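[1] Here is a sequence together with a model predicted from it:
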Amino acid sequence: MIGSTLLGLLACLLHLGCQTEVPTWGEEVWGRDDGALEVIPIGSALAEILVDPRRPYVYLSDFDANRLYFISRETRRIEKEMVIGTRPADLGFSMDGARLYVALAGGSQIAVLDLDLQVAAAPIQLNFSPAYLAAGRPPYLYASSVLERWEGFQPQGQSYLINAQTRAQTALPQVRLLEIDPQRRALYVALNRQLFHFLIDQTDGTLNLQTTLNAEGHVVELFLSEDGRRLYTISTGFLTTPEMIVIRGLVDSRTNIETDMVEVYSTDPLLKVGELHTGAFPRAVAHGGEYLAVAAADSASTPKRAGFVVRYDQETLAPLQTYRLAGSPTSCAAVDSATGMFYVAIDNPYDLRERFGERQDLQVVDLRRPSAPAVEEE
């Protein structure tokens, strides 16, 4: 890995670039009037979005600039940002909602944030670099490592059961994408083309396998609904290999150019119940309260006009409404079930700021409103 000094210098340069007062969206940048679209300029590579149901914030991890953003759920503007650690990736709440855990993929730690005080607590030291995490009943956490690509490609990575009090780390079967139910009694895992349903032992956090299912292809996104009743997956084509979908050691749904639907599963029992068809390639899915939405992109189109969001009926899975995006969506999205706001990271290929790396902004879509009329080609 890159040395910590170099990473720190890089983060500093990226942060300086992010502060440049140059437009990142709108008519002067995109070449058309997108004034009706609500976009929060970030200009960096975004890793995860998490809505806090107990506080007036949406949290956003900035993979490039090593920051955590506090976005107001009321004004939908950045209220605060914190340097949280090197390469913040996945986010997860503690069971009581008092703490936020952040997987630091650029190091060997899980950052811990006290959400009431908005200050960092002592981090959890690890023997590996975490990419994905899920917080179980205290003091247990589950985390998957960054996929190893050097010294012989090992596409599976490794996962661990972590005792946050004793710092003990116990290796688990080679699992990858993780989702945990609200009661912390079940863990759902995606590995290559398979889904696993584990029951969690309430005394020691160990896992007991209940069900294994096959997905349509190699799973690159796994999402559990807010109530824990539905599980959603985005897959690449069946012939895709793990090596083909690894980007910087992380799984990324933007590599999907074959599968044009989201698979839907019930969780009790784990059973496929339907599909969400988008007419393009799904990038992210979010489900909270009455709102179920999928962000998708047509890879054959230009990034400026490729992105859109489809809202579905959560029972019939029928499409209800389509909303335009300012750019192509990434795998990073969340829905605020209290307000109906859908937050999604979008690629911004026309960001004019002088900086390296990916340029992504955060678009906000109001799922309560009718979709805007389509833009006519000139």
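    Nice, thanks for sending it over.
[2] Go through stretch 276-293 and flag the buried ones.
    For stretch 276-293, the neighbour count (16 or more other CB atoms under 10 Å) marks 276-278, 280-289, 291-293 as buried. C-beta: built from backbone N, CA, C; applies to glycine.
[3] okay, and for the chain, where does confidence drop off?
    Across the chain, residues meeting the criterion (pLDDT under 70) sit at 1-35, 148-156, 242-251, 299-305, 349-357, 371-378.
[4] so which of the buried residues of stretch 276-293 comes closest to Thr212?
    Using CB to CB, Val285 is the member of the buried residues of stretch 276-293 that lies nearest Thr212, at 21.8 Å.
[5] so what secondary structure elements neighbour the helix or strand that contains that closest one?
    Element membership for Val285, per DSSP states H and E: strand 281-288. With contacts taken as 3 or more CB pairs under 8 Å, 6 or more residues apart in numbering; DSSP states H and E, strand 281-288 sits against strand 219-224, strand 230-235, strand 261-267, strand 291-297, strand 329-336.
[6] at 10 Å what do you get?
    Here strand 281-288 is seen to pack against strand 46-51, strand 219-224, strand 230-235, strand 261-267, strand 291-297, strand 307-312, strand 329-336, strand 341-347 when contacts are counted using 3 or more CB pairs under 10 Å, 6 or more residues apart in numbering; DSSP states H and E.
[7] Need the three-state assignment for Arg254.
    Secondary structure for Arg254, judged by DSSP: H, G, I helix; E, B strand; the rest coil, is helix.
[8] wait, it sits on Gly327?
    No. Taking contacts as CB atoms under 10 Å, Arg254 lies outside contact range of Gly327: 11.8 Å.
[9] neighbour-wise, which of those two wins?
    Between Arg254 and Gly327, Gly327 has the larger neighbour count (other CB atoms under 10 Å), namely 29 against 18.
[10] Quick check: the gap between the more buried one and His287.
    23 Å (CB to CB, to the nearest Å).
[11] For Ile124, give the beta-bridge partners.
    Beta-bridge pairing for Ile124 (DSSP bridges): Ile110.
[12] List the contacts of it.
    By CB atoms under 10 Å, 6 or more residues apart in numbering, the contact set of Ile124 is 101, 104, 108-112, 130, 133, 139, 141, 143, 162-165, 167, 169.
[13] now do 7 Å
    Gln109, Ile110, Val112, Ile162, Ala164, Arg167 (CB atoms under 7 Å, 6 or more residues apart in numbering).
[14] re earlier: could you dump the helices and strands packed on strand 281-288 into CSV and include distance to Gln174?
    Below are the helices and strands packed on strand 281-288 laid out as CSV (distance: least, CB to CB, whole Å):
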stretch, distance to Gln174
strand 46-51, 22
strand 219-224, 14
strand 230-235, 18
strand 261-267, 21
strand 291-297, 28
strand 307-312, 33
strand 329-336, 21
strand 341-347, 28
